[in-house]
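Chemist: Let's see this in three dimensions:
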Amino acid sequence: MTAQTLNLTGLDLRAEIERLRHERKAVILAHYYQKPELQDLADFVGDSLELSRKAADTDAEVIAFCGVKFMADTAKILSPNKIVVLPDMDAGCSLEDSCPPEKFKAFREAHPDHIALTYINCSTEVKALSDVIVTSSSAETILQQIPKDQKIIFGPDRHLGGYLNRKFGRDMLLWPGVCIVHEAFSETELLKLRAQHPGAPIAAHPECPPNIVDHADYVGSTSGILQFAKTMPGDTLIVATEPHIIHQMQLGLPEKTFIGAPGADGNCNCNICPYMALNTMEKLYLALRDLEPRIEIAEPLRLAAKKSLDKMLEMASGTIGKGDLGGR
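Modeler: Prediction:
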């Protein structure tokens, strides 16, 4: 990749990406945590499942997903007849890495009376082992439909599962995974920042640990945080999630001020997702040019994983991308 990238010196990457977008009949997707230059050229910017559903509804022949691998996998699950490329196949996820399929399978077998409610930030194999997939915007709606006496395994994010347990008085058995980005926020530094901006609300993603979520005025998905930014009182918002989401806030609400919640060193540099950062304009160009790296999923596995996604859409399709976890 390095040698190829060096040969791109002097190339108008944006113009070449536009050319390839049309030649390949491609749709370009960018998650909110991508670099601003990738967000700006994408056909759709949004949450992971929301993006995959939008791409499935297009007549595009190629999906270029600027995100991480589990997101591109989900796009392939929903669009098996489209070519799906990911600019960098090493763009993974700490939550997916924390939940190896063989260990999750053994965990399920050790708790046969539990159903598996599984966060979408997991591998295709883990989706295939799950009963219902949830997103941060659909988890609440789905959980409320499951009887309180039904035992549940929730994975791989223990912070999202713990938040739901506390909010709804549940006792789900939690897989011990965490998001390294949301783990990096500092409660001490957040309180210092709030003191500097009295009255400014805090919006937090539910992947944050309890000592951050407990200070939030709004808890929800990335799409939900964006909606809160539009309707919140005042003109300043402290944002406790990956800071690249602030780009969309600034584009849509230039009259407001958005401040990224700080990490332990007093700034938010440590909260940039290292996996999301692997995608670049150069790699997107090469992915569209070569149609590689390409996502491939064996059909039996795809169908098994799709069952748990279909169950989520059956139970909560109207919540996708809405961020309905709500206020504290």
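Chemist: Return the distance of the helix or strand L160 falls within from the chain's centre.
Modeler: Following DSSP states H and E, one finds L160 within helix 158-168. Remark: helix 158-168 is offset 18 Å from the chain centroid, using CA atoms, centre = their mean, to the nearest Å.
Chemist: Show residues contacting it.
Modeler: Under the contact criterion CB atoms under 8 Å, 6 or more residues apart in numbering, helix 158-168 has outside partners 119, 136, 139-140, 143-144, 154-155, 170-172, 174-179, 182, 206-210, 213, 219, 325. Bear in mind the C-beta positions are built from the backbone N, C-alpha and C, glycine included.
Chemist: Among the residues you listed, which are located in helices?
Modeler: Of the contacts of helix 158-168, the ones assigned to helices by DSSP state H are A139, E140, L143, H182, P210, V213.
Chemist: lowest-confidence helix or strand of this protein?
Modeler: Every helix and strand in the chain was compared by mean pLDDT, DSSP states H and E; the lowest is helix 2-6, with a mean of 44.
Chemist: What's the mean pLDDT across whichever helix or strand comes after that helix?
Modeler: Once helix 2-6 ends, the next helix or strand along the chain (criterion: DSSP H and E) is helix 13-23. For helix 13-23, the mean per-residue pLDDT is 97.
Chemist: got it, and stretch 274-288?
Modeler: Across stretch 274-288, the average pLDDT comes to 97.
Chemist: Repeat that for stretch 242-255.
Modeler: pLDDT averaged over stretch 242-255 gives 96.
Chemist: Extract the CA atoms of it and return them as CSV.
Modeler: Only the C-alpha atoms of stretch 242-255 are listed here, as CSV (Å, rounded to 0.1, in the frame of the first residue of the first chain):
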residue,chain,number,x,y,z
GLU,A,242,-15.3,10.3,18.9
PRO,A,243,-14.5,13.9,18.0
HIS,A,244,-14.9,13.7,14.3
ILE,A,245,-18.7,13.8,14.7
ILE,A,246,-18.2,17.5,15.5
HIS,A,247,-17.5,18.1,11.8
GLN,A,248,-21.2,17.4,11.0
MET,A,249,-22.3,19.5,13.9
GLN,A,250,-20.3,22.5,12.7
LEU,A,251,-21.6,22.1,9.1
GLY,A,252,-25.2,22.0,10.2
LEU,A,253,-25.1,24.4,13.1
PRO,A,254,-22.4,26.9,12.5
GLU,A,255,-23.9,29.3,15.1
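Chemist: Now that stretch: buried residues?
Modeler: Of the residues in stretch 242-255, E242, P243, H244, I245, I246, H247, Q248, M249, L253 count as buried by neighbour count, 16 or more other CB atoms under 10 Å.
Chemist: Same check on stretch 158-171?
Modeler: Quick answer for stretch 158-171 (16+ other CB under 10 Å): R158, H159, L160, G161, G162, Y163, L164, N165, K167, R170.
Chemist: From these, pick the one nearest K148.
Modeler: Closest to K148 out of those is R170 (7.2 Å), distances taken as CB to CB.
Chemist: quick one: the closest one and K151 touch, right?
Modeler: No - the pair R170 / K151 is not scored as a contact, 10.0 Å apart, by CB atoms under 8 Å.
Chemist: Mind listing the shared neighbours of those two?
Modeler: By CB under 8 Å, 6+ apart, no residue touches both R170 and K151.
Chemist: if I look at L8, how far off is L237?
Modeler: Distance of L8 to L237, computed by CB to CB, to the nearest Å: 38 Å.
Chemist: quick one, which of those two is more surrounded?
Modeler: Between L8 and L237, counting by other CB atoms under 10 Å, L237 is the more crowded of the two (23 against 14).
Chemist: bridging residues for the more buried one?
Modeler: As for beta bridges, L237 partners with F258 under DSSP bridges.
Chemist: Next, the contact list for it, please.
Modeler: Neighbours of L237 in contact, by CB under 8 Å, 6+ apart: A200, P201, I202, A203, F228, A229, M249, K256, T257, F258, I259.
Chemist: three-state assignment of the fourth one?
Modeler: So that's A203. strand (DSSP: H, G, I helix; E, B strand; the rest coil).
Chemist: so it makes contact with I245?
Modeler: No - assessed by CB under 8 Å, A203 is found out of contact with I245, at 9.6 Å.
Chemist: Show me where the stretch 151-300 of the chain dips below the pLDDT cut-off.
Modeler: For the stretch 151-300 of the chain, the stretches flagged by pLDDT under 70 are 265-270.
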